[in-house]
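Participant: The sequence isn't on hand, but the structure is:
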């Protein structure tokens, strides 16, 4: 009886290691969401930066994925993941706190914004890859959908609260001062990871430098099967087009429609609220319709939801944007959970860091490129023309998913090979 009851308890309650990762991830997303609202507002309002700088800033934090994702993935696979996460969080805290300090001393510049965003993003590459590689060590294979759904759902909730609170705090405290909330959130992540008790066995260091060979192996594995290639291509197309749109939201809402930073925060929070619902319901939906079906069709409502931004007007005319972004968040969340869970299930444990880095180098690297492209497009086509261009690219993602090599596949789990050896080799 007690065993049955224990199994029915939520994963976050019955598994202390998963709970530690869940708290760390949720707190980290909360802080990142505050910064996602605050940083462009610092540039647009406090420093009166150009439209190009405001749009490009949104991609700088993702540039390390494009430049250093592969070698960092190799390092994550070579060393124990818990110390990597903790060291990265300490560095991130130190870098972030420099912004409010510079603001207090009246020394804050646009250049410092870009440098801090880049360094904070670099630390995030280490912490996120190591944290993601720890999830399959903390839960069983059959619990991955549940675990990733819980993490995605709670992360989306934290994202909603962070963006809403961040938008409000920029009006009350000032955009720079609101970053103190991200510093506090990163500290909470650090304390949570410190309680993690996942066993990571050490093995002797292999002779010679294998970093380039390991990078090649990770990249090759990411493209090694049709399912992995399809998931990667769809993710890259969506991130490129969708991130162009997102990079322009500050300009659209604050400068074009004349709304406040608080309104921007509430608007972007609606995406996160939809993501919360998607993360919490994805297990039921995939059981009912199949993970392959969910992955294939989830990007269409996501792109349609982003299109609602073009219908927005001031005051009550913002309502279409709230509804559309909620729908987009719901669909994106489901797609992310299904894609992530499939990669974690098929990947050998010793290659999780490299697979994660290679995949994110391609997909999240698009987020870095999108900011620059968005800044260029808004200068050439004006705000609505730039958004239309981003939407045109984003709609390619559901098209490729629907007519690509995974069409007709109901369950991605049917494509999995036999379970790999779960021995983890780290140093």
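Facilitator: Noted; the coordinates are in hand. What you see is a predicted model, and the numbers here were worked out from it, not measured in a lab.
Participant: pLDDT weak spots in this structure?
Facilitator: 1-8, 200-209, 416-427 (pLDDT under 70).
Participant: Could you pull out the strands in it for me?
Facilitator: Counting by DSSP state E, the chain has no strands to list.
Participant: what about residue 376, distance to residue 51?
Facilitator: 10 Å (C-beta to C-beta, to the nearest Å). Where you see a C-beta, it was placed from the backbone N, CA and C, and this is true even at glycine.
Participant: the more surrounded of those two?
Facilitator: Comparing residue 376 with residue 51 by other C-beta atoms under 10 Å, the one with more neighbours is residue 51, at 19 against 15.
Participant: check contacts around the more buried one.
Facilitator: 251, 255, 375, 378-379 (C-beta atoms under 8 Å, 6 or more residues apart in numbering).
Participant: mind putting those residues in CSV, neighbour count and distance to residue 154 included?
Facilitator: Formatted as CSV, these follow (neighbours: other C-beta atoms under 10 Å; distance: C-beta to C-beta, whole Å):
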residue, neighbour count, distance to residue 154
251, 23, 30
255, 15, 33
375, 25, 32
378, 27, 34
379, 13, 38
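Participant: Contacts only, for residue 278.
Facilitator: 152-153, 156, 329-334, 337.
Participant: Going by neighbour count, which of these comes out on top?
Facilitator: residue 337 (31 neighbours).
Participant: so that one sits right up against residue 147, yeah?
Facilitator: No: Residue 337 is beyond contact range of residue 147, at 9.6 Å (criterion: C-beta atoms under 8 Å).
Participant: just so I have it, where are all the helices in the stretch 151-300 of the chain?
Facilitator: 180-193, 211-222, 226-247, 249-250, 261-289, 291-297, 299-307 (DSSP state H, counting those that start in this stretch).
Participant: Quickly list what's touching both of residue 376 and residue 51.
Facilitator: With C-beta under 8 Å, 6+ apart, residue 376 and residue 51 have no common neighbours.
Participant: And for the nearest residue to residue 44 once chain neighbours are set aside, the neighbour number?
Facilitator: Sequence neighbours aside, residue 54 is the residue nearest to residue 44 in space, at 4.9 Å (criterion: C-beta to C-beta, 6 or more residues apart in numbering). For residue 54, the neighbour count with other C-beta under 10 Å is 29.
Participant: Over to residue 13?
Facilitator: Neighbour count for residue 13, taken as other C-beta under 10 Å: 10.
Participant: can you tell me which of the contacts of residue 278 lies nearest to residue 98?
Facilitator: Of all these, residue 98 sits closest to residue 156, with 28.9 Å by C-beta to C-beta.
Participant: OK, contacts around the nearest residue to the closest one once chain neighbours are set aside?
Facilitator: Setting aside the residues directly before and after it, residue 156 is nearest to residue 275 in space (C-beta to C-beta, 6+ apart), at 2.9 Å. Going by C-beta under 8 Å, 6+ apart, residue 275 touches 152-153, 155-156, 159-160, 329-330, 332-333.
Participant: Of all the helices of the stretch 151-300 of the chain, which one is nearest residue 74?
Facilitator: helix 211-222 (4.2 Å).
Participant: before we move on, back to that, mind putting the contacts of residue 275 in a markdown table, distance to residue 111 included?
Facilitator: As requested, these are exported to a markdown table (distance: C-beta to C-beta, whole Å):
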| residue | distance to residue 111 |
| --- | --- |
| 152 | 35 |
| 153 | 38 |
| 155 | 31 |
| 156 | 33 |
| 159 | 28 |
| 160 | 31 |
| 329 | 33 |
| 330 | 38 |
| 332 | 32 |
| 333 | 35 |
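Participant: how many neighbours does the closest residue to residue 138 other than its chain neighbours have?
Facilitator: Distances taken as C-beta to C-beta, 6+ apart place residue 17 nearest to residue 138, at 4.0 Å, with adjacent residues excluded. Applying other C-beta under 10 Å, we find 17 residues neighbouring residue 17.
Participant: Repeat that for residue 212.
Facilitator: 11.
Participant: and if you look at residue 23?
Facilitator: There are 18 residues near residue 23, going by other C-beta under 10 Å.
Participant: Equivalent analysis for residue 254, please.
Facilitator: 19.
Participant: Hmm, it is touching residue 264, no?
Facilitator: Yes: assessed by C-beta under 8 Å, residue 254 is found in contact with residue 264 at 6.1 Å.
Participant: ok, back up a step: I'd like the distance between the residue nearest to residue 44 and residue 365.
Facilitator: From residue 54 to residue 365 the distance is 21 Å (C-beta to C-beta).
Participant: One more: residue 162?
Facilitator: Counting by C-beta to C-beta, the gap from residue 162 to residue 365 is 24 Å.
Participant: Quick check on the two: which one has the bigger neighbour count.
Facilitator: Neighbour count, other C-beta under 10 Å: between residue 162 and residue 365, residue 162 has more, with 30 against 21.
Participant: tell me the contacts of the more buried one?
Facilitator: 29-34, 36-37, 181, 185, 269, 272.
Participant: ok, 6 Å please
Facilitator: Residue 162 sits next to 30, 33-34 when contact means C-beta atoms under 6 Å, 6 or more residues apart in numbering.
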